[in-house]
Structures are given as C-alpha cells and as structure tokens.
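Asker: Output the structure for:
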Amino acid sequence: MKADVDGCQLCYEVAGSGPPLLLIHGLGSDHTTWAEVGPLLARHFQTIAPDLRGFGRSEKPPGECTLELWASDMAKLLRHMGIEKAFVLGHSMGGIVAQRLALDFPEAVRALVLSDTSSECNQPARDLWLQVAALVDAEGMAPLARTVESRFSPEYVAQHPEAVAQANLRLLSSAPRVYAQACRALAALYEKPLTPHLGHIRYPTLIMV
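Answerer: Numbering: from 1, shown residues only. Got it, this is the predicted structure:
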C-alpha cells in the first residue's frame, strides 16, 4: 500500500486485525525486517509496517531526513489511515524514531515497545557514526554490505543463509545519501540526547534488549 505524506510516497504493509500496532524498522532496513515476527503479532493486532522515507520501497526525495521528519511521517501515516492512537514498536533506530514520535505527537501513541535502542549516544559511538557517514558518502553502501555477515553468529549464518542474504538486500536498497544522514542524526544524540525528555512520556513503555 502507498500513502502520500507531504509529497513523499510511503509504502507500507498491513496485516491482521485488532488494535493498530505500528512497526518501525531500524537503520538500513525496511518492512521485511518484521517478516518472521509479523505474522505472530498479526494474530492479535492490525500491524502496520512502513518503509521509512528513504528506505525500502518508499520514495527517496531530495532534502534532509531527520529523526523529527521520520516521526512526523509516522504520525501522518496513522492519520492518513484514520488511526487516532496506535501501539508503537520500534527497533534500533526505529526505537529512536518511536521515542521522537511519542515526544512530538503524544496524542498518536497508545503505548511503546522499544527494542535494542537508545535515547542517547556516547562519544565513541558518535565518532563511529560520523566515520560511517563519511564512508557511505564516499563509497556508497557496498563497503557496509561486506560487513553484514559479521552481525550474525557463525552458527546462524550456516543455518539461515537466506536471512543473511535478505539483510544484505535490505541494506543495499537504502539510499546512500539518506543512510549517511541517518548516521549523522544518530551521532547528534551525543549533543542532544532524548534522555532528559523521556519523563514526558506518560504511557506504558516496554524496553527489550
């Protein structure tokens, strides 16, 4: 499915029935990151799995992508679907987008699940994100694609080569410009962490690591 959000075509998948559950993927990924857990969640919820602006099948328009813009896109996607409030599950960078959504559009969120994510960035991580951004600016996504296999244990790679290949395809589908912008947005959490603002989030929140 597609939705026009501020002139950008966002692609998303809907499955199941029940209370709406927005699934926000991480950096260098897309809606297919939920392929295995999605059907389980769809037994209890209407799952909405978008590709963030600049990733997957969604448009990659010119201009800067930021955590604030992605959060705004998610709020407007829910509004486009006629959904007043949704449960929100965000993974990794998607968890940071979910926090930004909760802070900027509290009326759109019913509860949060934050998976493998953070609300801030230390100096070594900031430096690493900036190095990755510079690498992608210079050489595109190919250098990162060569590291995908290292993110999995050797046992998992041997038993699930198709999952590793899918993760590689998701990464390569990212627009280098947007990926680099995302890295810089994550690095900026060093100077402007979300942590001091989290007390404003007043609904139930589950944190999974």
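
Asker: hey, let's count contacts and neighbours off CA atoms from now on
Answerer: Fine.

Asker: other SSEs contacting the longest helix along the chain?
Answerer: As assigned by DSSP state H, the longest helix anywhere in the chain is helix 123-139. Helices and strands touching helix 123-139, by 3 or more CA pairs under 8 Å, 6 or more residues apart in numbering; DSSP states H and E, are helix 176-187.

Asker: how many other residues sit next to residue 207?
Answerer: Burial of residue 207 is recorded as 13 neighbouring residues (other CA atoms under 10 Å).

Asker: quick one: what helix or strand has it in it?
Answerer: Assigned by DSSP states H and E, residue 207 falls within strand 205-208.

Asker: For that strand, which residues meet the burial criterion?
Answerer: Buried residues in strand 205-208, counted by 16 or more other CA atoms under 10 Å: none are found.

Asker: That strand: partners in the sheet, and parallel or antiparallel?
Answerer: strand 109-115 (parallel) (DSSP bridges).

Asker: if we can go back for a sec, residues contacting the longest helix of the chain, please?
Answerer: With CA atoms under 8 Å, 6 or more residues apart in numbering as the test, helix 123-139 has contacts from 143, 176-177, 179-181, 183-184, 186-190.

Asker: Would you agree residue 49 falls within a strand?
Answerer: Yes: the assignment for residue 49 by DSSP: H, G, I helix; E, B strand; the rest coil puts it in a strand.

Asker: Dig out what it forms beta bridges with.
Answerer: In beta-bridge terms (that is, DSSP bridges), residue 49 pairs with residue 13.

Asker: I appreciate the help and will end here.
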